[in-house]
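Novice: My questions are about this predicted structure, shown below with the sequence.
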Amino acid sequence: MLGLTRLNGTQIWLNPELIVMLEATPDTVIRLSNGEVLVVEQTPQQIMEAFLAYQQSIRTGLRASL
């Protein structure tokens, strides 16, 4: 899960597998596979870095369990 902050300061946790597109308009807009749209404080670069860390943690956990 990715910890993100909406523009109103609310903390949310997002399953990164739902992300279809990130857009900077200048606020960061996240479009999800279910059609929902989120606007967050984090930059697209920060979200991509968090997503890559998430993916790496999954792969590391899978290797450790084999």
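Specialist: Perfect, thanks for sending it. Please read these numbers as outputs of a predicted model, since none were measured by experiment.

Novice: on contacts alone, who are the packing partners of the helix or strand hosting Q56?
Specialist: Using DSSP states H and E, Q56 sits in helix 44-65. Using 3 or more C-beta pairs under 8 Å, 6 or more residues apart in numbering; DSSP states H and E, the elements in contact with helix 44-65 are strand 2-5, strand 19-24, strand 28-32. C-beta here means a position set from N, CA and C on the backbone, and glycine is covered the same way.

Novice: Of those, give the one that comes closest to E49.
Specialist: Checking the helices and strands packed on helix 44-65 against E49 by C-beta to C-beta gives strand 2-5 as the closest, at 10.2 Å.

Novice: need the helices and strands packed on helix 44-65 in TSV with mean pLDDT, can you?
Specialist: Compiled in TSV, these are given as follows (pLDDT from 0 to 100):
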stretch	mean pLDDT
strand 2-5	96
strand 19-24	96
strand 28-32	98
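
Novice: Make sure L38 is indeed in a strand.
Specialist: Yes. Membership of L38 in a strand is supported by DSSP: H, G, I helix; E, B strand; the rest coil.

Novice: wait, doesn't it sit right on T10?
Specialist: No. Here L38 does not reach T10: they are 10.6 Å apart, not a contact under C-beta atoms under 8 Å.

Novice: gap between the worst-scoring helix or strand of the chain on mean pLDDT and the chain center?
Specialist: Least confident element among the helices and strands of the chain, by mean pLDDT, DSSP states H and E: helix 44-65 (a mean of 86). Here the centre of helix 44-65 is set off from its chain's centre by 11 Å, with C-alpha atoms, centre = their mean, to the nearest Å.

Novice: Buried residues of it, list them for me.
Specialist: Neighbour-count burial for helix 44-65 flags 47, 50-51 (criterion: 16 or more other C-beta atoms under 10 Å).

Novice: Specify the angle between that helix and strand 28-32 in degrees.
Specialist: Using axes from the mean of the first three to the mean of the last three C-alpha atoms, to 10 degrees, the inter-axis angle of helix 44-65 relative to strand 28-32 is 50 degrees.

Novice: quick one: which helix or strand includes the residue lying closest to G3 once chain neighbours are set aside?
Specialist: Leaving aside its sequence neighbours, G3 sits nearest to W13 (C-beta to C-beta, 6 or more residues apart in numbering; 5.8 Å). For W13, the element it lies in under DSSP H and E is strand 11-14.
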